[in-house]
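Asks: Predicted model and sequence below, questions to follow.
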Amino acid sequence: MLKKLLAAVAGASLALTTLTACGSGSGSGSGSGTITLGFSQVGAESGWRTANTKSIQEAAKAAGIDLKFSDAQQKQENQIAAIRSFIKQRVDVIAFSPVVVTGWDAVLKEAKAAGIPVVLTDRAVDSDPSLYVTFLGSDFVEEGRKAGQWLVDQYKDTREPVNIVQLEGTVGAAPAIDRKKGFEEVIKANPNMKVIASQSGDFTRAKGKEVMQALLKAHKDIDVLYAHNDDMGLGAIQAIEEAGLKPGQDIKIITVDAVRDGMQALADGRINFIVECNPLLGDQLMDIVKKVHAGEKVDRRIVTVETVFDQAKAREVLPTRKY
Ligand code: AHR
């Protein structure tokens, strides 16, 4: 009888151990107590992106989080495949920076059905917010507004026409949509300010140069260039110089990001104003991942704190700029 009782107790405790192991987290890293994070990055299209990737990799290492990192090369289908692979591997948490806003419902529902929490970083999606835990990143509309406000202030005493060309980011990406929206919202109060051409440069230096070359051929009267990131602005500067014009003087230039190369161009007077977009999201992301894994509540929207730079401020901060 005693033997039978001991066997029953041993069996029950084994079942409990198994149950606890499953219940403590379904991820591949939960057996060792290490959190496994699957992260799908947009690509390596810009200096901002390189700094963002470095920040995430370093922060994961410092936090002792096992990071499974995947580079989507700016293709949504690669991101969807990576997320499906993370689900199959049963990671503890999935995070990703969505290349475009639309088309995520199916894969987010699959993650939810598998019980794996999803964190959005950097860019937003248009899916039902119940499909992800939180969104950590910039307010891109506000960035666009800051760019527009600087321009309005610069030209406040003139009634002359101001012809603007806009280099947009990747078609369908949140920063491209929102930076355009915020900028145009502010400048529309000034009837003399007109966006005479607006085209995508896909957030890359090469495309920024190519599109600017075409714009310079088509329009002889460009006063201002608004580029949705530094890289496209820097590519456009090459095109402007090759056309025999002086960037920053013949054409005023506003960009977004404030990565080192952009800040150097601002300090040199080849860019006139930069709106900051902070790529150093790694530490905040790892804190969120830990909280989510522990079942703690996190805010549904976490907005990055950012500033703006003119030439004097760029010169001041350049020596200590991290990226
Ligand atoms: O989503 C952030 C944007 O993506 C950055 O402004 C741009 O440089 C990057 O490619």
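Replies: Perfect, thanks for sending it.
Asks: so residue 184 makes contact with residue 148?
Replies: Yes. Residue 184 lies in contact with residue 148 (CB atoms under 8 Å); the separation is 7.3 Å. All C-beta atoms are positioned from the backbone trio N, CA, C, and that covers glycine.
Asks: more neighbours, these two?
Replies: Legend: neighbour count by other CB atoms under 10 Å for residue 184 and residue 148, higher for residue 148 (25 against 18).
Asks: excluding its backbone neighbours, what's nearest the more buried one?
Replies: Nearest non-adjacent residue to residue 148, counting by CB to CB, 6 or more residues apart in numbering: residue 186, 3.0 Å away.
Asks: Confirm that the one you found lies within a strand, as I assumed.
Replies: No. Per DSSP: H, G, I helix; E, B strand; the rest coil, residue 186 lies outside any strand segment and is helix.
Asks: May I ask you to confirm that it is in contact with residue 143?
Replies: No. Contact between residue 186 and residue 143 fails when scored by CB under 8 Å: they sit 11.4 Å apart.
Asks: neighbour count winner among the two?
Replies: It is residue 143, of residue 186 and residue 143, that has more neighbours when counted by other CB under 10 Å, with 23 against 18.
Asks: ok, so what distance separates the more buried one from residue 110?
Replies: Using CB to CB, to the nearest Å, we find residue 143 at a distance of 32 Å from residue 110.
Asks: now do residue 100
Replies: Distance of residue 100 to residue 110, given as CB to CB: 18 Å.
Asks: Between these two, point out the one with more neighbours.
Replies: residue 100 (21 against 16).
Asks: quick one, what contacts the residue nearest the centre of the chain?
Replies: Geometric centre of the chain, nearest residue: residue 122, 3.2 Å, by CA atoms, centre = their mean. Listed by CB atoms under 8 Å, 6 or more residues apart in numbering, the contact partners of residue 122 are 42, 52, 97, 136-138, 279, 281.
Asks: give me the number of residues near residue 161?
Replies: Look at residue 161: counted by other CB under 10 Å, it has 12 neighbours.
Asks: Okay, it and residue 224: tell me how far apart.
Replies: Distance of residue 161 to residue 224, computed by CB to CB: 11 Å.
Asks: And residue 260, by the same measure?
Replies: Using CB to CB, one obtains 24 Å as the distance from residue 260 to residue 224.
Asks: Next: residue 73.
Replies: Between residue 73 and residue 224 the computed distance is 32 Å (CB to CB).
Asks: out of those two, which sits in the more crowded spot?
Replies: The residue with more neighbours, out of residue 73 and residue 224, is residue 224; 21 against 13, by other CB under 10 Å.
Asks: is it true that residue 272 touches residue 252?
Replies: Yes. Using CB under 8 Å, residue 272 makes contact with residue 252 at a distance of 4.9 Å.
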